[in-house]
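A.B. asks: Quick one, fold the following:
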Amino acid sequence: MGSQIIVADRIVGEWINEEKSTRIEIYKNGEEYFGRLLWAEDLFEADGKTSRKDLRNSNETLRGRNLLHANLLSNFVFSEDLWDDGKMYDPKSGKTYNCLIKLRREKMEIRSYVGIPLLGRSTYWDRVP
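C.D. replies: Here you go, the predicted structure:
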């Protein structure tokens, strides 16, 4: 069981997306993994200090929350060679997608989908040194 935990925790840390426009920190809470927003282009208001709000969220009660430190990845559970059963939130569209994560050498593949993973879309994130 011990080696299983070490493998599962390999995604913990900071990651940056392909476009270099978003940075998240993956952390573990209990048996689940989450990814909170650390930095993104257009994350702050014109003053450069005030976090933008989550105005496009389909959940009206969340529209007043700051995007800074919001969980974009939620509730992933490690099983065999992937992290599954999670959700990915896209603050640009306000939509939430089913999602799974795999490590591909030094990259993290985040596959978001509606319905089944086969019909999804993958993005590849790099670990922040």
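
A.B. asks: ok, the closest residue in space to Gly115 that isn't next to it in sequence - contacts?
C.D. replies: Leaving aside its sequence neighbours, Gly115 sits nearest to Asn98 (CB to CB, 6 or more residues apart in numbering; 8.0 Å). (C-beta placed from N, C-alpha, C; glycine too.) With contacts defined as CB atoms under 8 Å, 6 or more residues apart in numbering, the neighbours of Asn98 are 86-88, 112-115, 117, 120.

A.B. asks: Who does the residue nearest the centre of the chain form a beta bridge with?
C.D. replies: Centroid-nearest residue in the chain: Leu73, 3.3 Å away (criterion: CA atoms, centre = their mean). With DSSP bridges as the criterion, Leu73 is bridged to Gly35, Met88.

A.B. asks: pLDDT wise, what is it at?
C.D. replies: pLDDT for Leu73: 97.
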